[in-house]
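>>> how would this look folded up:
(one chain, ligands or ions: 1)
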Amino acid sequence: MRGGRRKRNDDDDENGFAQWGGYMEAKKAKLMEQYREQTVKSAEKVSDVLKGIAIFVNGYTKPSSEELKILMAEHGGVFHTYQVASTTHIIASMLPNVKISKLGNVPIVKPGWIVDSITLGRVLDYSNYLLYSNQSRTQPKLKHYMKSADVQSKNITKSRPISPDLFESNEFDEEVEFKLSESTEDEMKISKIIDSKRVLENNGINALTKTAYEGKISIDESKSKSVLENNSINASTKTASDPSFLAEFYNNSRLHLIATLGAEFKQLVNDMREKNTGKYPGLEAITKREVNNKSVGSIVMHIDMDCFFVSVGLRSRPELRGLPVAVTHSKGGPSRSNVDRRREIEMYVERLPEGADCRLEAIDNNSSLSEIASCSYEARKCGVKNGMFMGAALKLCPNLKAIPYDFEGYKQVSSILYKTISEYTLDIEAVSCDEMYVDIGNILQKTSFTVQEWAGHIRSVIKARTGCPCSTGFGANRLQARLATKRAKPDGQYYLKPELVEDYMSEMPLSELPGVGRATLIKLKNLGFETCKDIQESSLTVLQKEFGSKSGESIWDQSHGVDKKALCYEHERKSVSAEVNYGIRFKNEEEALTFLQRLSVEVKNRLLETGMKARGVTLKLMVRAENAPTETAKYLGHGVCDSLTRSVMLPTATEDSQVIYREIKGIYEKLKQPYQDLRGVGIQLTRLEKAVVMNSFMKSFLSKPSTKVETKKDVSFQQKSIIKEKTFKEDTTINEENKENTIEVKPPMRASGRGRPRGSKNGTKLVRKSSNELSNYFKSTQKDRPKVKQSKCDIDLNVLNELPEDIRKEIIKEYNLDKGEETKVASTNIEETVLNELPDDIRKEVMQEYKLETKTLKAKPETRIPEIKIDEPKPEKRKKDTGFASLNYDNFKTMLRNWFKHESEPKLVDVNMLGEYLKELVSSRKIEQLHTILKFFHRNISNLHCNWHEAYLTILKTVQEGMIPIYGHPLHIPKTFECVKHSCD
Ligand SMILES: Nc1ccn([C@H]2C[C@H](O)[C@@H](COP(=O)(O)OP(=O)(O)OP(=O)(O)O)O2)c(=O)n1
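A predicted model of the protein is given here:
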């Protein structure tokens, strides 16, 4: 059966199956028929042969996708309508190479594998059914993949065993990874384990209890495909000088993921609170009709998922429940021969503060330095802890099972967790992707639930929806609630009642107090304080004497269970950063500077997402410590380093990557560190200020009257796209420029932000615009229409008045305006009705600014809104009107060309806007248009800066996200660029 094609059997002629294509074929056909019958009619389970297998069918197959779906259902497998993270195999009969490269790291297998496995009653080795003979078990191989590495992040505050900086990275044992990536022999060994395990499993024998010893660990073989994939990911030798390094680093970094998720959920809570309608469906469902009106006061719930990464991983591995399990990258193995691990460890220990725990004790030359992100409570019973190295953990718990990361799963479960809680209340302080504080006072009052009843309810809802357990702690404040969760874990609940607080706290080790950091803890220890009881029995004065007034009081309060800080629902972003402490190896100064430039773009993009600008710019460098080995114990890790941090404060806040880079370069040059010794680089932006206007080119363009479509004359977009596609090729830039230049462009008078007068058509007159946007507009306007002489009256003087001094002067000179004209207009050109509609505070501000007198204002007219009752059918979720739909084809091209021409780099807001619009084209199945636009885009940016290429790829990604669910395959479109300096792809 090699290759999935069976030779015709001579017996077939005799047995009458020849006309069916042979015995096996006949059997398959019969099976198909049988399963169709069974499933469609009775939907009965036939066997569990396909348990653990989840397929996505790509394109035309035989048996068809529908038939495979039935087979999967009947035989314990899972059928995915489109490819998801948990898809284990892609089933296809033919796929062009371009498609394969887009399918990720999932094996592409012929449908015969499913049918034959069912026929023989066991899962066959899929490598014999791979669609392409050069596929290995880990196919399709991604060109480059790297290991996930840790990124320091402020968001990660959970206490872990003290982790030496040099081993902070979630690194791997290079030799093992290299063997795996280079040697198919090793792959085959593992594939054999998988198969033998599957056979055992199918025979009802659990093969998962293999022990780990001598640096080797048992892997979860049922998912060892993923382990292999992780290894091939890790096998990358890519360093920071590679142009695609950053993107891959962040795509694979677990700490980056949790930091990003944490920030996203904090923002989500902000957004939900802003849009709050006062409706809480979950709460309504459990609200008692006769509400007890007695206020319950504020009770804080702390909710935290149990061993989060493990629990998510166990959803698809129920057979591992109850066993010691750890989420980690590595499989363990000996260290590389050319490294001096011992020296590194010694140096690290020398640098530890006195009294600090060291997690390197159990590490020797042969044990894994891969960090455990999360371990199950069964593993914890053996002494294994989160953050431990795998090598050390295996010594404590030889049965420890390693399972791979599942980033998509974490995102999914976190979202459900937050969504669930928000169905009851929005009094939420988001902490991280798996943890939050909630004030449940209102819930208890409305439902008359006791704390325990509520805890039972919410925990069971979360478990049912996520498949993962969580624990909840309750108390009068955040500290008590958090410490109560400690007792509740795992999978439990605990209410720390006020009368129990002092006793409960007395047993608490000081290390459990969230406000007590590493240095304070060591100092407390040296003073003889171990538990909160020791503090309770001491005095506030002693503490204040040792730690200062504020910190002393804080330790004192915490030891008594006091936390004066109220829950914080509105999250305010204080800083944005991008840091890399893996793969930093530069061959020359230029490479180092190029990397700093890329990191500046990265951090700027993150800043844009927050809608903020920054004044503080900080460069952080990790530099190899004197005498530290050049070759680090962990491949491309940072090793023992000294950290250097320098900041500058800008006179005005910025969101410009070039400004950021200029400052960073300045600091870097001042620090004078040899590029060869750099091991980590980070940029942090602080002193954030709200960016007043989302400076969108697209929005400005769309608001211009001249971009409106003249529908009558217009050939439809679709027709045009076909005709024009040919013309594009012949178009010269000059022709297009000329055409553009004749377009009438009016000031982009869009209202934005809080100043927008409600219900006003012409409210823009009162709105402050960013000088940047306006100056861009004016500059582009002048350039765009040399043929149309601008007259004085064409200029909106209110806009003019808001421009920065220098630009205003330039325009006044250029258009011969009278001096003082602008200020004159400012106070007369405001529509009173518009002004009257403004909220009081803004109206006052505007009046002050334009020096208006109160008497010029009319009282707000009393408007009676007539009651109209229309029984409208509820519209389906309305699509956001981006305004693009109103553009004809030529205008669309003009808009894009102007964008490429007038923006030095694409703004995220525009990239997202365009991406979403093109995704909508997919939903409306306007593939022709979509294709034409993307090709036009691609062609026109080929000579532009790499940022544009990245923008294109981002847009393309959004489009493909829309393609897969609808068409089952991605759109075939060019996606490479050739540039001298950069290679984005
Ligand atoms: N330095 C860190 C901190 C956290 N995490 C990930 C793994 C954890 O599963 C998840 C949540 O962190 P917790 O500290 O809450 O740890 P667990 O949920 O694993 O355990 P517990 O049940 O003790 O909360 O975040 C990580 O990878 N690295």
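>>> Let me know the secondary structure of the closest residue to residue 300 other than its chain neighbours.
Counting by Cβ to Cβ, 6 or more residues apart in numbering, residue 481 is the residue found nearest to residue 300 once chain neighbours are left out, at 4.2 Å. Where you see a C-beta, it was placed from the backbone N, CA and C, and this is true even at glycine. Put simply, residue 481 is helix when judged by DSSP: H, G, I helix; E, B strand; the rest coil.
>>> Tell me the pLDDT of residue 481.
Predicted confidence (pLDDT) for residue 481: 98.
>>> what's the answer for residue 966, then?
Reading off the confidence values, residue 966 has pLDDT 78.
>>> Counting neighbours, what do you get for it?
Neighbour count for residue 966, taken as other Cβ atoms under 10 Å: 12.
>>> interface residues of the chain facing the ligand?
Contact residues (Cβ under 6 Å from any ligand atom) of the chain with the ligand: 156, 158, 160, 254-255, 258, 304-309, 373-374, 386, 434-435, 489.
>>> Which members of those occur in helices, if any?
254, 255, 258, 308, 309 (DSSP state H).
>>> hang on, residue 104 packs against residue 88?
No. The pair residue 104 / residue 88 is not scored as a contact, 11.8 Å apart, by Cβ atoms under 8 Å.
>>> Would you agree residue 382 is in contact with residue 395?
No. Using Cβ under 8 Å, residue 382 is not in contact with residue 395, being 9.9 Å away.
>>> More neighbours: these two, which one.
More neighbours surround residue 395 than the other of residue 382 and residue 395, with 20 against 15 (other Cβ under 10 Å).
>>> I'd like the next helix or strand past the helix or strand hosting the more buried one.
Element membership for residue 395 (DSSP states H and E) is helix 390-396. As assigned by DSSP H and E, the chain's next helix or strand after helix 390-396 is strand 401-403.
>>> who are the neighbours of the next helix or strand after that following strand, in terms of helices and strands?
Using DSSP H and E, the next helix or strand after strand 401-403 towards the C-terminus is helix 407-422. Contact here means 3 or more Cβ pairs under 8 Å, 6 or more residues apart in numbering; DSSP states H and E; on that basis helix 407-422 packs against helix 254-274, strand 300-305, helix 308-314, strand 428-432, strand 435-439, helix 451-466.
>>> I'd like the ones you listed as TSV, with mean pLDDT and mean neighbour count appended.
Shown next, in TSV, are those (pLDDT from 0 to 100; neighbours: other Cβ atoms under 10 Å):
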stretch	mean pLDDT	mean neighbour count
helix 254-274	90	19
strand 300-305	98	26
helix 308-314	97	27
strand 428-432	96	22
strand 435-439	98	22
helix 451-466	96	17
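>>> Switch these over to JSON lines; also include distance to residue 966.
JSON lines is the format used below for those (distance: least, Cβ to Cβ, whole Å):
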{"stretch": "helix 254-274", "distance to residue 966": "26"}
{"stretch": "strand 300-305", "distance to residue 966": "33"}
{"stretch": "helix 308-314", "distance to residue 966": "28"}
{"stretch": "strand 428-432", "distance to residue 966": "33"}
{"stretch": "strand 435-439", "distance to residue 966": "35"}
{"stretch": "helix 451-466", "distance to residue 966": "27"}
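>>> Contacts made by the strand or helix carrying residue 446 with the rest, please.
In this structure, residue 446 is located in helix 441-447 according to DSSP H and E. Contact with helix 441-447 is made by 283, 286-288, 291-299, 424-425, 427, 449-451, 454, as judged by Cβ atoms under 8 Å, 6 or more residues apart in numbering.
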